[in-house]
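> build the 3D model from these lines:
(chains A and B)
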Amino acid sequence: MVALRLIPCLDVANGRVVKGVNFVGLRDAGDPVELACRYSNEGADELVFLDIAASHEARATLIDIVRRTAESVTIPFTVGGGISSIKGIKELLRAGADKISLNSSAVREPELISKGASQFGSQCIVVAIDAKRRSQSTLGWDVYVNGGRMNTGLDALSWANEVCSLGAGEILLTSMDGDGTQNGYDLELTRTIADSVTVPVIASGGAGCLEHVYQAFHEGNASAALLASLLHDQELSIEQIKNYLLQKNLLIRPLEY
Amino acid sequence: MTLNIGLIDYGMGNLHSVDQSFSRLNQPLKLVKRPEDLKDCKALILPGVGAFDPAMENLAKTNLIPELKNWVNDDRPLLGICLGLQLLFESSDEGHRDGLGFLKGEIKHLPRNEKELIPHIGWALLNQHKDCPLFKKNPDKQWMYFVHSYAAVPSNPQEVASSVDFGDEKITAVIWSKRLSACQFHPEKSGESGAKLLANWLDWLKKETQILY
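Numbering: from 1, shown residues only, chains lettered A, B, ... in the order given. Sure, this is the predicted structure:
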């Protein structure tokens, strides 16, 4: 049995951690490597870096962040944002990333998932899905790409199943409706996907209090919860969240002393 | 005292992380890419992330396989990590190629089970089955980080030093046989408990190499 995981997410742009609401209005939230070390020491189970600038120039900066993180952080971390080729995947894995997260490029070129999985193993290919609830007349969620700017028209549930059959080892599922709002994870979305696929689902978007995190596991059946604003704004610490979840009898890796 | 320890570089993943975890313990590692690099090495680390067949193909290209066979036949110390553990066995469900065959047994796909997801990703608590130098100073509960879809089933169950629960079964987490050792999890990614395990291996190596060399 593996423990349920808490994963701080660092959105990175031009070498800094940033955070916005519903994918817009970005503000500075600190130095990525410094924050990564802090969260690792405070008991994070893993880390995620998402390069939201993802320009050609920013790539070298990102690789530098990955290399420096690998030097000082002793827990696994995933890197995503603008990765669109096997060469790009390899470059980041070589720099010290443990997993790679594919998003828009996976929609554009689904073979990237299967190629990546067969070359590097499913365990290091995460597919990130940004899902937005459809208008009330139709059920379900649409998959968005390009940082939430473009609706692909793909159904989130069928896309989740397809990426698994292509070899994705994990799904990072972001509710665009919840992202940055601190109104709680979209539990229906999380549970719908988590119950349908056989790989772990990381719930993302909307955590605002202890109960939200508990619900992502208890109601949403997620294997991991992604945390951003809640931690960056120091409203809660990982220790507080872990203690709460342990009290609720969830299987959590206790802090090391 | 630092030792001459070789880290086998065959183009499969986590080299940087393994190298960093040892440098945090003040133990430099020497990259081994070809047989000549083995000169002066007292112990070897076989890391690995990825799939079984490409790993065996890449390893074959280094021309190190016959050397590694001699190494293990001479009962010299080697530590396999993750895919590096799996390559030590005879074969794998994941591929068609022969493994190194230093240990009898095969790598099987994780048992399909309603309670467990595959890949098996995350932190799990080790069950200890026998004393082994990797644990001697770790009386605490040991949570280690796993990422895998396949696990070793050794012909000789005595080789399993520790396991983790997977559904109702137990799967191999640590192998210890003479001076050959290996972990399915990533000690280099397992925070403090992982660092302690590597430090224990180094302590054991320092004593062992005095006898050996």
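
> which residues of chain A lie near chain B?
For chain A, the residues in contact with chain B (CB under 8 Å from any CB of the partner chain) are A:1-5, A:40, A:45, A:67, A:70-71, A:74-76, A:93-96, A:98-99, A:118-124, A:169-170, A:198-200, A:223-224, A:253-254, A:256. C-betas here are computed from N, CA, C, even on glycine.

> tell me which of these fall in strands.
Those of the residues of chain A next to chain B mapping onto strands are A:R5, A:K99, A:E170, A:A224, per DSSP state E.

> and the second one, how many neighbours does it have?
By the other CB atoms under 10 Å in any protein chain shown criterion, the neighbourhood of A:K99 contains 26 residues.

> and for A:R191?
Residue crowding around A:R191 was assessed by other CB under 10 Å; the count is 18.

> just A:S135 next, same as before
Other residues near A:S135 come to 7 when the count uses other CB under 10 Å.

> likewise B:Q210?
Applying other CB under 10 Å, we find 8 other residues in the vicinity of B:Q210.

> and what of the one 3 residues further on?
Neighbourhood size, B:Y213 [other CB under 10 Å]: 9.

> just the strands in chain B please.
Remark: strands of chain B, listed N- to C-terminal, are B:5-8, B:29-32, B:43-46, B:78-81, B:91-92, B:105-109, B:120-125, B:127-128, B:143-148, B:150-154, B:160-166, B:169-177, B:180-183; assignment by DSSP E.

> direction included, what does the third one pair against?
Strand B:43-46 has the following strand partners under DSSP bridges: strand B:5-8 (parallel), strand B:78-81 (parallel).

> send me the last one as CSV with only the CA atoms.
The one in question is strand B:78-81. Output of strand B:78-81 as CSV, limited to C-alpha atoms (Å, rounded to 0.1, in the frame of the first residue of the first chain):
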residue,chain,number,x,y,z
LEU,B,78,27.3,-4.1,-6.4
LEU,B,79,24.1,-2.1,-5.6
GLY,B,80,21.2,-2.2,-8.1
ILE,B,81,18.6,0.5,-7.9
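
> A:E162 is nearest to which of the strands paired with strand B:43-46?
With CB to CB as the criterion, A:E162 lies closest to strand B:78-81 of the strands paired with strand B:43-46, at 32.4 Å.

> show me the contact partners of the closest one.
Counting contacts by CB atoms under 8 Å, 6 or more residues apart in numbering or on different chains, the residues outside strand B:78-81 that touch it are B:14, B:18, B:43-48, B:68, B:71-72, B:86-88, B:175, B:179-183, B:186-188, B:201.

> residues in contact with residue 18?
Picked chain A for this. A:V18 sits next to A:D11, A:V12, A:L26, A:R27, A:D28, A:A29, A:I52 when contact means CB under 8 Å, 6+ apart.

> look at chain B instead
Under the criterion of CB under 8 Å, 6+ apart, the neighbours of B:V18 are B:L7, B:L29, B:I45, B:P47, B:I81, B:E188.

> just the residues you listed now: which is nearest B:R97?
Relative to B:R97, the closest of the contacts of B:V18 is B:P47; by CB to CB it sits at 18.3 Å.

> quick one: residues contacting the closest one.
B:L7, B:I8, B:M12, B:G13, B:N14, B:L15, B:V18, B:I81, B:C82, B:L83, B:G84.

> let me have these in CSV, adding pLDDT as columns.
Compiled in CSV, the contacts of B:P47 are given as follows (pLDDT from 0 to 100):
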residue, pLDDT
B:L7, 97
B:I8, 97
B:M12, 78
B:G13, 69
B:N14, 70
B:L15, 83
B:V18, 92
B:I81, 96
B:C82, 94
B:L83, 94
B:G84, 96
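
> which non-adjacent residue is nearest the residue in chain B positioned nearest to chain A?
For chain B, the residue closest to chain A is B:G122, as judged by CB to the nearest CB, at 3.2 Å. In space, and not counting its chain neighbours, B:G122 is closest to A:V2: 3.2 Å by CB to CB, 6 or more residues apart in numbering or on different chains.

> surely that neighbour is in contact with B:A124?
Yes - with contacts counted by CB atoms under 8 Å, A:V2 reaches B:A124, the gap being 4.9 Å.
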